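1. fold the following.
(one chain, ligands or ions: 2)
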Amino acid sequence: MTLFALEPEPAEPSRPGPDAAHVPGWLTLEQQAWIVDRFHEWTAGPVPIRAARVRGHEMSVKTVCLGWHWQPYTYTREATDVNGARVLPFPEWMVRLGRRALRETGYADAQVDAYTPDTALANLYDEHAHMGMHQDKDERSLAPIVSLSIGDSCTFRFGNTGHRNRPYTDLILGSGDLFVFGGASRLAYHGVTRVHALTAPDGCGIDTGRINITMRMTGLDG
Ligand code: MD6
Ligand code: FE
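-> Numbering: from 1, shown residues only. Ligands and ions are numbered 1, 2, ... in the order given. Modelled structure (predicted):
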């Protein structure tokens, strides 16, 4: 037996839909903990983390944004529904990470090179939070979305592009997992049905709760 037998297997992506990929354990614990440190900087930043209001109801998930501020149905540079401050810039390291995510899930070189995400939504879930089935369609660009999860695992429901009902696939997004949504899956309905409390691994940087970061290309300029 070599030492390699003791190393975790490099996870194979699973493909729950066309141009969609799930890579369990894509980030190391050290990378996860480093990103959690960045998350705390973002929430201390000019725009505090907040629950967005959708049709008059507060979401159970709290969100802080980078690059562009998302509020239901629009992106702006200033967080006009929070405190009016301009959001933090989109970090260069996240552009590189997004390109690596596309490369490692089989996207063609031209798509990898063209990928320049300019907004990230960092969501914080407590054990009771969830996200209803939705499409991500506030972006003008249909470039892929790259999703990173840290902390407690969740049940992620990945559906179809037509409507929010079956057929869908329920999968577990655990700490360090990568999920990429592009091409024919870019407008698939999806949601988070539940968070699995007390499942965050030691060393990931968060004891309880779940952080999900989605980077996107808005297709906006200015
Ligand atoms: C979440 N994610 O995982 C919520 N959207 O907490 C999303 O809504 C999402 O993970 C588009 C692509 C990937 C995602
Ligand atoms: Fe989404």
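2. only C-alpha atoms for contact and neighbour calcs from this point on.
-> Noted.
3. just the CA trace of the helix or strand hosting residue 195, in PDB.
-> Element membership of residue 195 [criterion: DSSP states H and E] is strand 190-196. Backbone C-alpha positions of strand 190-196 (Å, rounded to 0.1, in the frame of the first residue of the first chain) are rendered in PDB as follows:
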ATOM      1  CA  HIS A 190     -33.400  25.100  -8.500                       C
ATOM      2  CA  GLY A 191     -33.700  25.700  -4.800                       C
ATOM      3  CA  VAL A 192     -32.600  24.600  -1.300                       C
ATOM      4  CA  THR A 193     -35.200  22.500   0.400                       C
ATOM      5  CA  ARG A 194     -33.400  22.100   3.700                       C
ATOM      6  CA  VAL A 195     -30.100  22.700   5.600                       C
ATOM      7  CA  HIS A 196     -28.700  19.700   7.600                       C
END
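4. show me what that strand is packed up against.
-> strand 131-134, strand 153-158 (3 or more C-alpha pairs under 8 Å, 6 or more residues apart in numbering; DSSP states H and E).
5. hey, which of those is tucked in deepest?
-> strand 153-158 (a mean of 23; mean count of other C-alpha atoms under 10 Å).
6. ok, it near ligand 1 or not?
-> No: Strand 153-158 stays clear of ligand 1 (C-alpha under 6 Å from any ligand atom), getting no nearer than 6.6 Å.
7. distance from the chain centre to the helix or strand just after that strand, please.
-> Per DSSP H and E, the first helix or strand lying C-terminal to strand 153-158 is strand 169-173. Centroid separation for strand 169-173 versus its chain: 14 Å, with C-alpha atoms, centre = their mean, to the nearest Å.
8. any idea how far residue 137 is from residue 82?
-> 22 Å (C-alpha to C-alpha, to the nearest Å).
9. give me the contacts around the strand holding residue 195.
-> 125-135, 152-159, 164, 209-210 (C-alpha atoms under 8 Å, 6 or more residues apart in numbering).
10. again, 7 Å this time
-> 127-135, 152-159 (C-alpha atoms under 7 Å, 6 or more residues apart in numbering).
11. residues from this protein in reach of ligand 1?
-> Checking the chain against ligand 1 by C-alpha under 6 Å from any ligand atom, the hits are 136, 145, 147, 181, 191, 212, 214.
12. and those, which are buried?
-> Among those, those classed as buried by 16 or more other C-alpha atoms under 10 Å are 145, 147, 181, 191, 212, 214.
13. so of the residues you listed, which ones are in strands?
-> 145, 147, 181, 191, 212, 214 (DSSP state E).
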